[in-house]
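>>> Build me a model:
(4 chains)
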There are 2 protein chains.
Amino acid sequence: MSEAHHRKKQPEAVRQQLLEVAARLSRESGLGNITLDAVSRAAGVSKGGLLHHFPNKLSLLDGLFDDLVGRLDRAIEAEMLNDPVPHGRFTRAYLRVCFNPAGGIEDDEDWKALTIAQLAEPHLRERWRQWVEDRNAEHVGTDSSVDAELVRFAVDGLWLADLLSSHSMDPERRHALAERLVQLSRS
Amino acid sequence: MSEAHHRKKQPEAVRQQLLEVAARLSRESGLGNITLDAVSRAAGVSKGGLLHHFPNKLSLLDGLFDDLVGRLDRAIEAEMLNDPVPHGRFTRAYLRVCFNPAGGIEDDEDWKALTIAQLAEPHLRERWRQWVEDRNAEHVGTDSSVDAELVRFAVDGLWLADLLSSHSMDPERRHALAERLVQLSRS
DNA sequence: GACAAGAAACCGTCCAGACGGTATGTTTAA
DNA sequence: TTAAACATACCGTCTGGACGGTTTCTTGTC
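Okay, the predicted model is just below:
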């Protein structure tokens, strides 16, 4: 008859907590190396409790993906609402969300490392592929120019560099680069 | 008294075979999920044999990294020898090596997936970070302009897109993009 | 509003298999 | 003969997850 057993039930909070802990642990030791034991322990939940929310390990990883993509989608959508120019709108929103340190998405460092970890898992890489494909198809009318594509590639590259580099880039240079990319997205 | 025991000894070939198999398996199931058993079995070597070449799992992963970076360095260096213009030379070589399907590096698909997998492993991510930093420092005199940096970012982004997309990009568009990037590297 | 009754949200235990690694033997090459 | 290049057997630990309980929440009924 443990104390934990008697605490108030708060399924959504526990679920979120599990996802956050899993994300943090995967940053420290790699997504493939996290264990249900470690996640549940660090989240203050029994393994049975974890397995109640995510019936197996794969579904936990999928949950991580869904959560991340959901936040990303919402952040992009919010940015797009502030942009009156249709042409290249999605590309600019993508740029701003990925570019800004903590712009639109919380846990900036965390979610980058998490994304990379997901790209390494073949199953989740396929889901990312699908996401990119869907986004491109969705905005094919406004964001399919060569320039727009180039901008998005550069954003991805800088995103990668951000993840790798220990010290962030020179802010001024960073800003200049961002301006230039925005300009390219309008051409 | 197994057959394998009696075959001719060829340590270097076995070592290379182990690395290749490990790379292939990591593409199929993720780098963190490969096992010594699976690698040794698929390579036609006993686990003891594998552990003779790589005393533990970490050293196998490091070996994978060393091998990949070595090939990358050699391919880049070869490209640089063909380029008479000093300014932006490293960036163009980087571009050509990463851009060309199977240009300079064999097993094109394999090594891309492997790189991503390595970026997911914190320990190897640090080693990649060091590599990038060293290359940038080495060519700081010729390849540190904003444009050069932008080109390298775009290359990384396209490299990522290549990895994700099932069907490769339209060759014509790809070529146009490459031309443009080369041009940018000269400015 | 009371109250049964089922569903949902957990907990604690246990286990079969997998995994990394060791210890030791055997064969080949120098 | 010696060292390197393998093979075989085995061990301790870890891990996913199945399972049966216990508590809280929700819902329908009166």
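
>>> which stretches of chain A have low pLDDT?
A:1-9, A:101-109 (pLDDT under 70).

>>> quick one, helices of it?
In chain A, the helices defined using DSSP state H lie at A:3-6, A:11-29, A:36-42, A:47-53, A:57-81, A:89-99, A:108-120, A:122-138, A:146-164, A:171-186.

>>> Kindly export stretch A:138-148 (C-alpha atoms) in PDB.
The C-alpha coordinates for stretch A:138-148 follow below in PDB (Å, rounded to 0.1, in the frame of the first residue of the first chain):
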ATOM      1  CA  GLU A 138       0.600  21.100 -48.900                       C
ATOM      2  CA  HIS A 139       2.400  24.300 -49.900                       C
ATOM      3  CA  VAL A 140       3.300  23.300 -53.400                       C
ATOM      4  CA  GLY A 141       1.500  26.400 -54.800                       C
ATOM      5  CA  THR A 142       3.500  28.900 -52.800                       C
ATOM      6  CA  ASP A 143       6.800  27.300 -51.700                       C
ATOM      7  CA  SER A 144       8.100  25.100 -54.500                       C
ATOM      8  CA  SER A 145      10.400  27.600 -56.200                       C
ATOM      9  CA  VAL A 146      14.100  26.600 -56.400                       C
ATOM     10  CA  ASP A 147      14.900  29.500 -54.100                       C
ATOM     11  CA  ALA A 148      12.400  28.400 -51.500                       C
END
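
>>> Which residue lies nearest the spatial centre of chain A?
A:Leu68 (4.2 Å; Cα atoms, centre = their mean).

>>> Tell me how far it lies from B:Leu124.
According to Cβ to Cβ, to the nearest Å, A:Leu68 stands 22 Å off from B:Leu124. (Glycine included, C-beta is placed from N, CA and C.)

>>> Next: A:Arg125.
17 Å.

>>> who has more neighbours, the two?
Comparing A:Arg125 with B:Leu124 by other Cβ atoms under 10 Å in any protein chain shown, the one with more neighbours is B:Leu124, at 21 against 18.

>>> residues contacting the more buried one?
Applying Cβ atoms under 8 Å, 6 or more residues apart in numbering or on different chains, we find B:Leu124 in contact with B:61-62, B:65, B:118.

>>> now those residues as JSON lines including distance to B:Asp143?
Formatted as JSON lines, the contacts of B:Leu124 follow (distance: Cβ to Cβ, whole Å):
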{"residue": "B:Leu61", "distance to B:Asp143": "30"}
{"residue": "B:Asp62", "distance to B:Asp143": "28"}
{"residue": "B:Phe65", "distance to B:Asp143": "23"}
{"residue": "B:Gln118", "distance to B:Asp143": "24"}
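
>>> Emit the ChimeraX select command for whichever of the residues you listed are buried.
Buried residues among the contacts of B:Leu124 (16 or more other Cβ atoms under 10 Å in any protein chain shown), as a ChimeraX selection:
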select /B:61,65,118
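
>>> hmm, which two among the contacts of B:Leu124 are most spread apart?
B:Asp62 and B:Gln118 (10.1 Å; Cβ to Cβ).

>>> Can you work out which residues contact both of the two?
By Cβ under 8 Å, 6+ apart, B:Asp62 and B:Gln118 have these common neighbours: B:124, B:127.

>>> And for A:Leu177, the neighbour number?
Neighbours of A:Leu177 using other Cβ under 10 Å come to 20.

>>> wait, isn't it in contact with B:Val146?
Yes: assessed by Cβ atoms under 8 Å, A:Leu177 is found in contact with B:Val146 at 6.7 Å.

>>> neighbours around A:Gln183, how many?
Number of residues near A:Gln183 (other Cβ under 10 Å) recorded here: 11.

>>> Smallest distance to chain B belongs to which residue of chain A?
A:Gly32 (2.6 Å; Cβ to the nearest Cβ).

>>> That residue and A:Arg186, how far apart?
Using Cβ to Cβ, we find A:Gly32 at a distance of 41 Å from A:Arg186.

>>> for A:Leu64, same thing?
Per Cβ to Cβ, A:Leu64 is found 35 Å from A:Arg186.

>>> more crowded one of those two?
For A:Leu64 versus A:Arg186, neighbours defined as other Cβ under 10 Å are more numerous around A:Leu64 (24 against 14).

>>> List the residues that contact the more buried one.
A:19, A:22-23, A:26, A:31, A:114, A:118.

>>> if we can go back for a sec, and the closest residue to the residue of chain A closest to chain B other than its chain neighbours, how far from DNA strand D?
Nearest residue to A:Gly32 in three dimensions, chain neighbours excluded: B:Gly32, at 2.6 Å (Cβ to Cβ, 6 or more residues apart in numbering or on different chains). With distances taken as Cβ to the nearest atom of the strand, to the nearest Å, B:Gly32 is found 10 Å from DNA strand D.

>>> likewise A:Ser29?
With distances taken as Cβ to the nearest atom of the strand, A:Ser29 is found 9 Å from DNA strand D.

>>> Hmm, that residue is touching B:Pro122, no?
Yes: A:Ser29 lies in contact with B:Pro122 (Cβ under 8 Å); the separation is 6.8 Å.

>>> joint contacts of those two?
By Cβ under 8 Å, 6+ apart, no residue touches both A:Ser29 and B:Pro122.

>>> Help me confirm that A:Leu18 comes into contact with A:Ser59.
No: using Cβ under 8 Å, A:Leu18 is not in contact with A:Ser59, being 11.4 Å away.
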